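Engineer: Let me see the structure of the following:
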Amino acid sequence: MNISSKAIEEKVYSFIVENNLTEAGDHILVGVSGGADSVCLLFVLLRLSDKLGIRLSVSHINHGMREEAKEDAEYVKTLCEENNIPFYLCEADVRKQALINHETTEEAGRNVRYEAFNKALKESKAVKIATAHNMNDLCETMLFNLFRGSGIKGLGGIRCKRDNIIRPVLCLSRDETQGYLEALGIKYVTDKTNDTDEYARNRIRRNVIPYVEENISQGFVQTMARTGKIFTQVEEYLEKEAEKIYEEAVIEGESELSLDINGLQNVPDIIKEYIILKCFETLTSHRKDMGNIHVEKVLKLSTSIGNKKIDLPYELEALRRYDRLFIRRRAVLSDGDDYCEYPEFENKPVTLDIGRGRVTFRLTDIDPQKDYSTKEKYVKYLDYDRIGDRISLRYKRPGDYLVIDTPKGLGKKTLKQYMTDSKILLEERDKIPIVACGDRVLWLIGFRISADVKINENTKRILEIKYNKV
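Structural biologist: The predicted structure follows:
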């Protein structure tokens, strides 16, 4: 394939300008493996650097998976030295990382790469990362996502810009990147693992695409690139429409999201899917690993009858309660029902941790000038001398009760009945800390205090209790 290096540089320059990939003054960290695509990226950017007003640094990752990996690192280092480009090397054992984190080697390799890029980004003080994904990579990704049942986002393939990551040679085919280096007489290294069918992407690259090109659709890679652009435009439109409804229908909490099911009834199903994906994205950094199957489970839950719950990947869960749908992180309790402390706070404040919260007890004499009728959810004042026995901080137990006001005076209500009357979710009940004296609940934290410890005209000492989430 006869390729003009100047034509390639002009093509990449136009692509960069059209998509606003760089700005004058940008310091770009270029990921260079030593293969044709990344070496092409490096030299195109280097030769366009004055025109674009950018400067470069290079990051190279030795994944520890090939015998010649050290030679590749030396090759890239030499390229950088010859062209006065700062060089940053990261060495990692991807297979070991995959075993530790229960990932495929592909997933582990991807995670290692971006961790290394971010580290080098800080060290170099660069502002953007440039990776060498090209048009063939885009085609492979689209097919891979199609085969595993991806939605519109996956069918859009690889975007040319995401956050601070740019892909300036996404407009070039693999033939063009290799032809560019041949035209300039620049050598590159070959990754032998690309010549095997060990990975699904390799099988698509080596078998599927060549077959389609030869027998079904000549110029298939370019056609898929155009199709990917259309899917990306559709994706961006749907995201904007979903964002509008998300703002109206979703209430964001610290670790959970609440959706009004009735408010979603007239929303198109495709927009509902994007709202659920937005919820996943808000709660976990692994949105790209949350597939359509998980979205479908949540949508099915939202139309179910009764109170139900499903578990999701990455410590998430979804619950249907009354007319609301909750998506949240699963809480992990540190000490369960057996947690119990007897604070001694006669002389100083005491702070105790329980679950994901911290409780501070402070004993003081009553101040006649102070208003103790606080309506703060997580601050309460109790009549200390009416508490009686030793105080414990724990979770609920069978037999717990609250003292309540009744028309005939003080009475009792089981904690279980109070929680039911207050419509506290079943899954939440074991996670709410309580301050208790024996079986008597003094304060169900975040809710009510026992009526027999309320402050009155005879109160002399105040127990102030504050709860903070940590």
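Engineer: Now do the same contact list for the nearest residue to residue 260 once chain neighbours are set aside.
Structural biologist: Of all residues not flanking residue 260 in the chain, residue 249 sits nearest, at 5.3 Å (CB to CB, 6 or more residues apart in numbering). C-beta here means a position set from N, CA and C on the backbone, and glycine is covered the same way. By CB atoms under 8 Å, 6 or more residues apart in numbering, residue 249 lies in contact with 259, 260, 263, 264, 267, 275.
Engineer: let's see 10 Å
Structural biologist: 258, 259, 260, 261, 262, 263, 264, 267, 272, 275, 325 (CB atoms under 10 Å, 6 or more residues apart in numbering).
Engineer: I'd like the distance between the fourth one and residue 272.
Structural biologist: Spatial separation of residue 261 from residue 272 under the definition CB to CB, to the nearest Å is 10 Å.
Engineer: which residues do these two both contact?
Structural biologist: The contact sets of residue 261 and residue 272 overlap at 249, 302 (CB under 10 Å, 6+ apart).
Engineer: Give me the more crowded residue out of these two.
Structural biologist: Neighbour totals were compared for residue 261 and residue 272, and residue 272 leads with 20 against 16 (other CB atoms under 10 Å).
Engineer: Can you name the helix or strand that that one falls in?
Structural biologist: Assessed by DSSP states H and E, residue 272 sits inside helix 269-283.
Engineer: Which neighbouring elements make contact with that helix?
Structural biologist: Packing partners of helix 269-283 (3 or more CB pairs under 10 Å, 6 or more residues apart in numbering; DSSP states H and E): helix 152-155, helix 220-249, strand 250-252, strand 256-260, helix 292-302, strand 316-321, strand 324-329.
Engineer: Can you point out the buried residues in it?
Structural biologist: Across helix 269-283, burial judged by 16 or more other CB atoms under 10 Å covers 271, 272, 273, 274, 275, 276, 277, 278, 279, 280, 283.
Engineer: And stretch 86-97, by the same measure?
Structural biologist: Taking 16+ other CB under 10 Å as the criterion, stretch 86-97 shows 86, 87, 88, 90, 92, 94, 97 as buried.
Engineer: Now the closest residue to the first one other than its chain neighbours. Its backbone dihedrals?
Structural biologist: Right, the one you point to is residue 86. Among residues not flanking residue 86 along the chain, residue 57 sits closest, at 4.3 Å (CB to CB, 6+ apart). Per-residue torsions, residue 57: phi -130, psi 160 (degrees, to the nearest 10).
Engineer: tell me the pLDDT at residue 57?
Structural biologist: pLDDT recorded at residue 57 is 94.
Engineer: Verify the contact between it and residue 125 for me.
Structural biologist: Yes - the pair formed by residue 57 and residue 125 meets the contact definition of CB atoms under 10 Å, at 8.8 Å.
Engineer: Between the two, which contacts overlap?
Structural biologist: In contact with both residue 57 and residue 125: 27, 29, using CB under 10 Å, 6+ apart.
Engineer: The two: which has the busier surroundings?
Structural biologist: Neighbours per residue, other CB under 10 Å: of residue 57 and residue 125, the larger number sits with residue 57, 19 against 9.
Engineer: bridging residues for the more buried one?
Structural biologist: Residue 57 forms beta bridges with residue 29, as assigned by DSSP bridges.
Engineer: thinking again about what came up before, tell me the spacing between the residue nearest to residue 260 and residue 105.
Structural biologist: 40 Å.
Engineer: ditto for residue 143
Structural biologist: 20 Å.
Engineer: Stretch 183-199 spans what distance, first to last residue?
Structural biologist: In stretch 183-199, first residue to last residue: 31 Å (CA to CA, to the nearest Å).
Engineer: returning to that earlier point: need the contacts of residue 249 in a markdown table with distance to residue 159 and pLDDT, can you?
Structural biologist: Listed next are the contacts of residue 249 as a markdown table, based on distance: CB to CB, whole Å; pLDDT from 0 to 100:
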| residue | distance to residue 159 | pLDDT |
| --- | --- | --- |
| 258 | 31 | 87 |
| 259 | 28 | 88 |
| 260 | 32 | 85 |
| 261 | 32 | 86 |
| 262 | 35 | 84 |
| 263 | 31 | 81 |
| 264 | 28 | 84 |
| 267 | 26 | 89 |
| 272 | 23 | 90 |
| 275 | 21 | 90 |
| 325 | 30 | 88 |
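Engineer: closest to residue 425 among these?
Structural biologist: Among the contacts of residue 249, residue 258 lies closest to residue 425 (CB to CB), at 11.0 Å.
Engineer: all strands for the stretch 101-250 of the chain, in order.
Structural biologist: In the stretch 101-250 of the chain, the strands defined using DSSP state E, counting those that start in this stretch lie at 128-130, 161-162, 165-166, 250-252.
Engineer: Off-centre distance for the first one?
Structural biologist: Mean C-alpha position of strand 128-130 versus that of the full chain (CA atoms, centre = their mean, to the nearest Å) differs by 20 Å.
Engineer: residues in contact with it?
Structural biologist: By CB under 10 Å, 6+ apart, strand 128-130 touches 16, 21-23, 26-32, 38, 41-42, 44-45, 54, 56, 58-59, 113-114, 117-118, 120-121, 161-169.
Engineer: quick one, which of the helices and strands packed on helix 269-283 is nearest to residue 407?
Structural biologist: For residue 407, the closest of the helices and strands packed on helix 269-283 is strand 316-321, at 31.9 Å, according to CB to CB.
Engineer: Just want the angle from the closest one to helix 292-302.
Structural biologist: Calculated by axes from the mean of the first three to the mean of the last three CA atoms, to 10 degrees, strand 316-321 forms an angle of 20 degrees with helix 292-302.
Engineer: got the angle between strand 316-321 and strand 324-329?
Structural biologist: 160 degrees.
Engineer: part of a strand, is residue 442?
Structural biologist: Yes - Residue 442: assigned to a strand according to DSSP: H, G, I helix; E, B strand; the rest coil.
Engineer: Kindly confirm my reading that residue 413 is in a strand.
Structural biologist: Yes - assigned with three-state DSSP, residue 413 falls within a strand.
Engineer: Am I right that residue 236 is in contact with residue 156?
Structural biologist: Yes - shown here, residue 236 and residue 156 form a contact pair, counting by CB under 10 Å, at 8.8 Å.
Engineer: The two: who's more crowded?
Structural biologist: residue 156 (23 against 12).
Engineer: I figured the more buried one hits residue 226, correct?
Structural biologist: No - assessed by CB under 10 Å, residue 156 is found out of contact with residue 226, at 11.8 Å.
Engineer: list residues touching both of these two?
Structural biologist: With CB under 10 Å, 6+ apart as the test, residue 156 and residue 226 reach no residue in common.
Engineer: all helices in the stretch 51-200 of the chain, in order from the N-terminus.
Structural biologist: 69-82, 94-101, 105-124, 135-147, 152-155, 174-184, 200-203 (DSSP state H, counting those that start in this stretch).
Engineer: wait, which of those is closest to residue 413?
Structural biologist: Residue 413 lies closest, by CB to CB, to one member of the helices of the stretch 51-200 of the chain: helix 94-101, at 48.1 Å.
Engineer: Sounds good, over and out.
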